[in-house]
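Trainee: build the 3D model from these lines:
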Amino acid sequence: MITGGIAAMQLKRDTDFALRILFCLKQNHDKKDAEGLGGLTLTEIAKRAGVPKLAAGRICDCLQARGMIRLSGDRDHTEKAYFSAEELLTFSLLDIVEAVEGTGQLFAVFSRNSSMYRSCGGQIMKAQQRAEHVLAKTTLDILFNSQKRQSPE
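Mentor: Next up is the predicted model:
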């Protein structure tokens with residue numbers, strides 16, 4: 001994706017969906033503290049986050065496996081409820097990418113056998129390391145709470 005002459009990295013759709021789901025669960029957690037609400041069902045998550053329910057279920061499984069969200073028992077013998085993990089804000093964007101897209105190289109689209117990779121592989125690896133560093137340093141606390149910090153008092 002090119003924006004104003006500058007190349008912009010675009011993460012996969014599942015990472016976008018995961019961030020929406022986590023933000024939705026975090027907002028619900030904050031309301032829960034204020035109003036005593038419970039978790040959200042998969043149906044509620046899909047609706048509030050604007051994510052297809054099937055994709056939301058698959059992504060929630062990945063996030064739960066990494067300890068970013070937790071799942072309760074049946075809610076009145078219907079759907080189970082999801083909650084954000086207490087330490088959710090400590091996870092980084094790189095953690096989210098790896099949870100839903102798997103570990104691996106961000107620039108895996110370049111074949112190591114291609115002439116471009118043979119001539120530019122070192123630079124591609126350096127770019128990947130820089131991108132991973134930025135993603136690893138950007139926590140969900142920074143991401144989700146940046147609006148609060150930037151707004152005038």
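
Trainee: now what about stretch 53-69, what contacts it?
Mentor: Under the criterion Cβ atoms under 8 Å, 6 or more residues apart in numbering, residues 14, 17-18, 21-22, 25, 42-43, 45-46, 49, 51, 70-71, 82-85, 87-88, 91, 95-96, 98-100 lie in contact with stretch 53-69. Placement of C-beta: from N, CA and C, glycine included.

Trainee: surely residue 81 is in a helix?
Mentor: No: for residue 81, which was evaluated using DSSP: H, G, I helix; E, B strand; the rest coil, the result is strand, with no helix membership.

Trainee: tell me the pLDDT at it?
Mentor: On the pLDDT scale, residue 81 is placed at 90.

Trainee: what count of nearby residues applies to the closest residue to it other than its chain neighbours?
Mentor: Spatial nearest neighbour of residue 81, excluding adjacent residues (Cβ to Cβ, 6 or more residues apart in numbering): residue 39 at 3.2 Å. When counting by other Cβ atoms under 10 Å, one arrives at 21 neighbours for residue 39.

Trainee: right, and residue 39 touches residue 85 too?
Mentor: No: applying Cβ atoms under 8 Å as the test, residue 39 and residue 85 come out as separate, 11.6 Å apart.

Trainee: for the helix or strand where residue 124 lies, buried residues please.
Mentor: When elements are assigned from DSSP states H and E, residue 124 belongs to helix 115-137. Residues of helix 115-137 classed as buried: 124, 132, 135 (neighbour count, 16 or more other Cβ atoms under 10 Å).

Trainee: pLDDT averaged over that helix - what is it?
Mentor: For helix 115-137, the mean confidence score works out to 80.

Trainee: so how far is it off the chain centroid?
Mentor: With Cα atoms, centre = their mean, to the nearest Å as the basis, the distance from the averaged C-alpha position of helix 115-137 to the chain average is 21 Å.

Trainee: against which helices or strands is it packed?
Mentor: helix 93-101 (3 or more Cβ pairs under 8 Å, 6 or more residues apart in numbering; DSSP states H and E).

Trainee: how about the helix it packs on as CSV, C-alpha atoms only?
Mentor: Extracted as CSV, the C-alpha positions of helix 93-101 are listed here (Å, rounded to 0.1, in the frame of the first residue of the first chain):
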residue,chain,number,x,y,z
LEU,A,93,1.5,-5.5,18.8
LEU,A,94,4.1,-8.1,17.9
ASP,A,95,2.4,-10.5,20.4
ILE,A,96,-0.9,-9.9,18.7
VAL,A,97,0.6,-10.5,15.2
GLU,A,98,2.3,-13.7,16.4
ALA,A,99,-0.9,-14.9,18.1
VAL,A,100,-3.1,-14.7,15.1
GLU,A,101,-0.7,-14.9,12.2
